[in-house]
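1. What follows is a predicted protein model with its sequence.
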Amino acid sequence: MEVSVAAAAAVHLLVERRQTLATAESLTGGLVAATIVEIPGVSAVYRGGLVVYATELKGTLAGVPRRLLDERGPVDPEVAAKLAEGARERCGADWGLATTGVAGPEPQDGKPVGLVYIGVAGPAGTTVNELKLTGNRAAIRIESVTAVLQLLTDVLHTTPAAV
């Protein structure tokens with residue numbers, strides 16, 4: 001699915017549900033937010049986001065526990081969950097999205113290029129998916145954005161609006 005189609009689908013569902021969204025991004029560096037705000041009508045649903053590229057900012061800005069970051073590093077499914085939950089909580093949104101992973105060109109802390117975790121936190125809980133992507137840095141980042149927006153759409157389709 002093309003990234004703009006994924007963004008439009010997610011935004012339109014949020015508008016229909018009268019629910020809001022926030023983001024916490026690492027490897028995508030604000031690309032999720034930039035993609036979302038291209039969609040007309042997004043101001044009704046998008047609250048804002050955190051670009052927490054540096055590991056310590058994942059803790060100080062997004063609320064990821066320092067112990068978790070010290071023990072597992074930033075590229076971890078539980079970190080993705082905590083980032084999504086932190087975005088949701090700190091921005092006062094119904095839904096939080098998160099991306100964390102290795103875009104390359106080199107592995108990071110023993111994690112291979114293309115290993116990405118995406119998270120969606122909402123009123124009924126948090127969902128995290130692991131991605132093993134291929135391609136160059138730009139391709140991995142774009143695919144991560146598309147995947148997290150598609151995950152949000154999937155979760156919205158399976159979660160009642162009034163949770």
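-> Here it is on my side, so go on. Residues are numbered from 1 along each chain as shown.

2. quick one: Gly48 and Arg88 touch, right?
-> No: contact criterion C-beta atoms under 8 Å: Gly48 and Arg88 do not qualify, at 11.4 Å. C-betas here are computed from N, CA, C, even on glycine.

3. joint contacts of the two?
-> Ala22 (C-beta atoms under 8 Å, 6 or more residues apart in numbering).

4. Of those two, give the one with the bigger neighbour count.
-> Arg88 (27 against 14; other C-beta atoms under 10 Å).

5. how near is that one to Ala98?
-> 9 Å (C-beta to C-beta, to the nearest Å).

6. so what sits against both of the two?
-> Ala121.

7. Buried residues, stretch 54-69. List them.
-> Residues 55, 57-59, 61-64, 68-69 are the ones in stretch 54-69 that count as buried (16 or more other C-beta atoms under 10 Å).

8. Identify, from those residues, the entry nearest to Thr20.
-> Distances from Thr20 to the buried residues of stretch 54-69, taken as C-beta to C-beta, are shortest for Ala62 (17.0 Å).

9. May I ask you to confirm that Ala147 belongs to a helix?
-> Yes: per DSSP: H, G, I helix; E, B strand; the rest coil, Ala147 lies within a helix segment.
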